[in-house]
Structure formats: structure tokens, C-alpha cells
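Asks: just to be clear, the model below is a prediction. Sequence and coordinates:
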Amino acid sequence: MSIIQSVINRLPGEQMGYVDGVNRYLRDRPNLIALLQLSLGLFLVFVVLGVSLLIVVFYSFVRPVPPESLTDVSVTLEHYQLGFVETTFYLRVMWDSFVIAVQTTILCILLAYPAAYFIAFSDLEYKNIWLLLIIIPFWINLVIRTYAWMLILGNRGLINWLLIDLAGFVQDPIPLLFSQGAIVVGLTHVFLPFILIPIFTSLDRIDRSHVEAAKNLGANKLQAFYEVTLPQSLPGVAAGVMIVFVLSFGSFLTPILLGGAENIMIANLVEEMFGQINNWGLGSALAVVFVIVVLAIVYAFNRLIGLKELYSQEGEAQ
Amino acid sequence: MSDTPIVRAEGLIKDFGDVRAVDDISFEIEEGEFFSLVGPSGCGKTTTLRMIAGFDRPTAGDIYIQDERVTRAPPYDRDTGMVFQGYALFPHKTVGKNVGFGLKMDGVPEDERAERVADVLELVDLPGYEDRYPSELSGGQQQRIALARALVIEPSVLLLDEPLSNLDLKLRKQMRFELQRIQQELGVTTIYVTHDQEEALSMSDRVLVMNEGEAEQIDDSLSIYNEPSTRFVADFIGEANLLEGTVVDRNETGIDVELDGVGMDARVETGNGDRIDRLSSGHEVTVSVRPENISLSRDVDGDPTRTNHVEGTIKSFTFLGKVTRFLIDVNGEEMLVEVPGRAGQQRFQNGQQVVVEWDPRESIVVGV
Ligand SMILES: Nc1ncnc2c1ncn2[C@@H]1O[C@H](COP(=O)(O)OP(=O)(O)O)[C@@H](O)[C@H]1O
Ligand SMILES: [Mg+2]
């Protein structure tokens, strides 16, 4: 006999009735049970992700960090003051990171859209295989792929070798590696599939008769693309932009390998505060501001694009 | 004006790999005509229409719209307005923007556009729907919008690909009249694709019956029904008893045919065009008799001189309201007979011996 059962059996009559009532209540409400099960999952996610985030928020507002005991802490804004009032250095790094993320996103769109368009609108028989062929290289370990860019962009790398030894265009190597440009190239490489797939999916789903209808009504290829194909693929672009932007904004490894000491991003700073300088308070303040900035951008972007996504969903319903 | 056809197709052929979807189709369509392409699914109707619109390039043959050769012209350089089977309304544009699209591509200024859109929405009985999205409309309404979008550009020819096939039966019948009204009101030359022979006959001035990519017959609705030129047309359009036989005699008014299957001699006094004149003794022919042109009688021992009669047994019958349909066993062959009115059912029962009889003028040679 289970423990619960034995406990229930020992309950006085009045409480027995109560347990029965709860049972009946739950039986009559299957949705409630589902909700309870769901909230268990949500609760675990919250514990794992939410609590750690809460600790960071907590650290950013107290002194000393980490606190020695819960009774011996005082609330303070000094970490924020140190990070964002006394110096513009951290804000500049954040701005640089933002610019890198925007450039990466734009480059990703420019590369992914034509590729996705070509695959989706071609007469290729096995479109998914072509998509896979583009994506397979991305299964190679991130560090290895990033090192490959060092081999390509370095002073004795592939590009400089071509320019100096083969073509003789220049005498001295062009400094390509350890620049913001190198970071953008590396990040673009890393995140390309994340935007290629949603763009492909949205393009592939477009009813071809819509394009034909546009042409029938006098639109040439370019007009048909601009009026019909492009707007209907925007939800896919938006989804891809969101992913690429957020991931590259917070990227850590690529700037270390390709950016060098000069070009760091916000995640590198946070890591430095926690790992090397041992200023957890400042690190936490940076992290909190960064998360707020990302959330604000995501929110603003959704407000801007959300409307269009609404149409396309309604369009599918018909 | 009226002597130059609006659309002319000459020997159109379209191959998809090994499949010949359209096989040597030619026709001419006059101004204001309602012309239908009808045939079973997969017979090449859509492909023919798409070649006219410019979405598929013919393997061979030529297409002329208003005497201009457009065989290789892109769709946007042809003066056609097409209603797609699934309507193909732009889901991200409002009804007003959908309908105004062709005008916008044409460079019509915005205020004139709005006016013409409003007019055409009035025509299709959906005035003031400019600001809705297609997803907010019912199937029938979407259909009207698709029609309005094709009409507003005032095309030389309106192309309709099974426009009613996605609607339920009642709406379909209603839209049939609606379409006819609009077509007549505007006098727009129309090519209408359907697999529904009833739809084609009831709406069209002329019908092209297609089968496996080939043209079986081009004619007005009445002739298609009453004088089918091939066995396929007789069978596909309406219903027909197709009886195989051999010509045994001929004179001025017609031919005598020995129908082997049902075991009788029949006189046939019509054939399509000059066909019957070319027949003489010994020719193998197919004779078509419509079920509604056959009468039944219980008078087995009646006048033996009457023409075209044969004895049979009632296998089954179904009361359908206006008519009763009988399946008659005639010497091992089945014949379909329709008797109008209530009398049909009351006078006969299963297993009964009956005489099947028809007028020589109501049967026709359809296959030689
Ligand atoms: N794009 C295509 N590729 C290959 N075969 C096609 C294509 N379009 C149509 N077909 C074939 O051509 C034939 C005629 O098709 P279609 O014109 O759509 O017939 P219908 O409209 O009369 O039903 C069919 O056998 C169909 O399978
Ligand atoms: Mg079709």
C-alpha cells in the first residue's frame, strides 16, 4: 500500500470527505490537471533560468558582492554608477557590440535571402537536400570553424597570400584579422543557417499562383517579387533577424578569436568582471543592462514587424 | 471588328517530359463569346489556359490575342485577366489593394484606381469591401473578389479555371447565374475551364470538349448535346446508351444498323454533319441513344412494324423525382432509360418484360 493511501486511510472522516472533494474537483477539470502539469515544467525552467538571473540582478544592487551573509548586505547603486556614469567605456563596448550585431544581421540577410530564394523557387527536385548541403558544414565545431577564419584572414593567411605573393597588388600584409570586420565575418558564418532556414521556409510556403496572379495583372518579375513574394517572406526574415541579432549581440567566442584584444564585445567584458578582475558587482550590473537592452530591442522589433506576421497567419487560414 | 477573333490558337501542343498534356488544339474565339473547355480531370484544360495566359510555353503551335502573336510573350505583356482555381488572392493585401493591383501596375493614378475598384466591387455585389482582408471573406466572396480583380483591368479575354469548383453545390449554381450576368453585362470574351459538363453546357455559347489532350468536338452547347461527334463526347456529355453495330442498308433518309449486342435492327436518321452520308453496308458504327429519348411499354405483343424496338427485362429502377431511371437488361446488355413523371414508377416493377423503343431521329451515329 502506498504511503499516501495509508495516510488517507488514517484521516478522520471529515477530512476524508475533503480529499474526496478534491479528487472529484480535479476529475471534473481535465484542463486544470494539464495546467498543473504544465506549471510544473514552467516551474523547473524558472528555477534553472530565472533564479540564476535573479541572483545576477540581486548582485548588481548590493554590496559586498558576493555577500558573506544575507544579514550583512546593503543596497547600493554603485555598480551602475561605476559602469555607466563614471566612464563611457562600457557603453562604448555595448554600442560596438550592437553595431557588430546589426552588421552581422544585415550581412546574413544579404547572403541568406538569395540562397533561400534560389532553392525555394528553383525546379530542384530535392530542395531539402540542397538546404542540407548548405547547412552540413555548420555541424563542424564552432572553434574549428572560427580558427579557419584566422587562417584565411591572418597576416600570413589565405587572402594576404593571394594579394601579396600571387597577385602582387600590395607589399605588406593588410591587417584583416583582429578587427570588427573579422568579427562580423565570423559571426555571419556562424549564424547563417539560423536565418537561412526560416527565410527558406517562408519562401517555400508562398503559393506560386500568387506570383502568377501578379504577373497576369501586369507585374513584371521585379514588381511581382516586390509586391507579392517579398512581403509574404517577411515573417521568415523577421524570425531569422531576431535570432541572428540576439545571438550575435551576445556572442563571446568569436570576438575573442577574431577580434583580438582591441575589439571586445559585451559578453567578453562580463566574463572578465566575473573571471579575471573579480568584480562581480560590476559584471552583474553590465549583464542586467545588457539583458534590458536586448529585451527592449526585441520588443520594439516585434511591435514594428508583428503586424505583418499577423497577416500571413490569417492568410494561411483561408 | 467581329470578323477578327479575339483569341486564336493554332495547333497547340504541350509536352511535360514524356507526357503530352495538350495535343494539337486549335480554336478561334469571337468577341464577347463565352467559350468553355470541358473534359475529365487531367485532360489538359488548365495547361491550355495557362498557355493562353503565358504561364506555360507551348511546345509547338501559336497563340494570337487580337491578331497579335503572343506565343512567346511574358504573361504581363498579354491582355488577359485570369481567375485561378484557388483564387490566388494576395493574403497580405486588402480587398481594395488586391482588386486595384492590376491598375497600379498599369500606372493608373490612385484616385481613379479607387473609383474603378469601387465600381467593380459594385458589379460583383460586394460594395464597400475595400478594407477587408481576403482571410475575412467566405469562399464565395473570395471568388467574387478574384473575378473583380481580373475584370477591373478590362482584359481582352477573361480566363476562368474551374472558378466554382471550391464552392458548395448551392452556391455553385447561384454563382453560375451570377457569372453569366456579369459576363453578359460587360460583354467580355471569356474562356471557361471546367470538368462539369452541365456547367459548360448551361453557360457557354460554344464548348470545346477535350480528352487526353485532344479536341474531340468544338460546337455550340445544343449541338454538343444533341449531335455528339465522337463516342467520347456522347458518353462524357450527359448520359448515353452506346450501342455497337454494323450498317446493313442505307437510303435517302437514313441507315439500318444491326446492333449485335442488344440483338436488334435499328434505323438511324441522324448523324453528325455529313458522317451518315459516308456510311454504307458493312461499316462498323456506334449508335448513341439518350436515356430520356427512350420509352418503355408493357405492350410486348404490340405492332410489329414499329421501328427501333426490342424486348428487355427491368433489372432495377430508381425514382428521382422528375424522372424514374430504369436499368433494362436487353439480351445481356444493359440499357439506361428515363421515364418522366409518376407514371414511370407506378406502371412497372422489377423483373417485368417490357419493350424498349425510340424514334429513329433520336438516335445518332457517334463512332465509325
Ligand atoms: N507542370 C507540370 N509538369 C508535369 N506534368 C504536368 C504539369 N502540369 C500538368 N501536367 C500534366 O498534364 C496533364 C494535363 O494537366 P492539366 O492541364 O492540369 O489537366 P486538367 O486541368 O484538364 O485537369 C496531366 O496529365 C498532368 O499530370
Ligand atoms: Mg485543371
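Replies: Arrived safely, thanks for sending. Ligands and ions are numbered 1, 2, ... in the order given.

Asks: quick one, helices of the stretch 101-250 of chain A?
Replies: A:127-135, A:142-153, A:158-161, A:180-205, A:208-216, A:221-224, A:230-249 (DSSP state H, counting those that start in this stretch).

Asks: reformat these as CSV; add distance to ligand 1, mean pLDDT and mean neighbour count.
Replies: Every C-beta, even on glycine, is put in place using the N, C-alpha and C of the backbone. Shown next, in CSV, are the helices of the stretch 101-250 of chain A (distance: least, C-beta to the nearest ligand atom, whole Å; pLDDT from 0 to 100; neighbours: other C-beta atoms under 10 Å in any protein chain shown):
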stretch, distance to ligand 1, mean pLDDT, mean neighbour count
helix A:127-135, 16, 84, 14
helix A:142-153, 40, 88, 15
helix A:158-161, 45, 86, 16
helix A:180-205, 17, 93, 22
helix A:208-216, 10, 96, 22
helix A:221-224, 19, 96, 15
helix A:230-249, 22, 93, 22
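
Asks: redo these as a markdown table? Include distance to chain B.
Replies: What follows is those, written out as a markdown table (distance: least, C-beta to the nearest C-beta, whole Å):
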| stretch | distance to chain B |
| --- | --- |
| helix A:127-135 | 19 |
| helix A:142-153 | 37 |
| helix A:158-161 | 42 |
| helix A:180-205 | 11 |
| helix A:208-216 | 4 |
| helix A:221-224 | 6 |
| helix A:230-249 | 5 |
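
Asks: which pLDDT value belongs to the closest residue to chain A within the stretch 1-150 of chain B?
Replies: Going by C-beta to the nearest C-beta, chain A is nearest to B:P91 of the stretch 1-150 of chain B, at 2.5 Å. You'll see B:P91 listed with a pLDDT of 94.

Asks: make sure it is actually in contact with A:Q232.
Replies: Yes. Using C-beta atoms under 8 Å, B:P91 is in contact with A:Q232, at 7.2 Å.

Asks: contact residues of the stretch 1-150 of chain B facing ligand 1?
Replies: Neighbours of ligand 1 within the stretch 1-150 of chain B, by C-beta under 6 Å from any ligand atom: B:16, B:19, B:21, B:39, B:41-47.

Asks: ok, those residues vs A:Q171, which is closest?
Replies: For these, the minimum distance to A:Q171 (C-beta to C-beta) is 60.1 Å, reached by B:F16.

Asks: that closest one: neighbour count?
Replies: The tally of other residues near B:F16 (other C-beta atoms under 10 Å in any protein chain shown) stands at 11.

Asks: quick one: contacts for it?
Replies: If you count contacts by C-beta atoms under 8 Å, 6 or more residues apart in numbering or on different chains, B:F16 has none.

Asks: hey, what's it bridged with?
Replies: B:V19 (DSSP bridges).

Asks: phi, psi of the closest residue in space to B:G263 that isn't next to it in sequence?
Replies: Leaving aside its sequence neighbours, B:G263 sits nearest to B:N331 (C-beta to C-beta, 6 or more residues apart in numbering or on different chains; 4.2 Å). Dihedral pair for B:N331: phi 50, psi 40, per degrees, to the nearest 10.

Asks: now swap in the one 4 residues further on and tell me
Replies: Note on B:M335: backbone dihedrals following degrees, to the nearest 10 are phi -120, psi 140.

Asks: wait, it sits on B:N241?
Replies: Yes. Using C-beta under 8 Å, B:M335 is in contact with B:N241, at 5.0 Å.

Asks: domain map for the chain?
Replies: No chain was given, so I picked chain A. Following automatic domain parsing, chain A resolves into domains at A:1-60, A:81-317.

Asks: nope, chain B
Replies: Domain segmentation of chain B under automatic domain parsing yields B:7-231, B:240-367.

Asks: coming back round to it: highest neighbour count among the residues of the stretch 1-150 of chain B next to ligand 1?
Replies: Of all those, B:G39 has the most neighbours under the rule other C-beta under 10 Å, reaching 28 neighbours.
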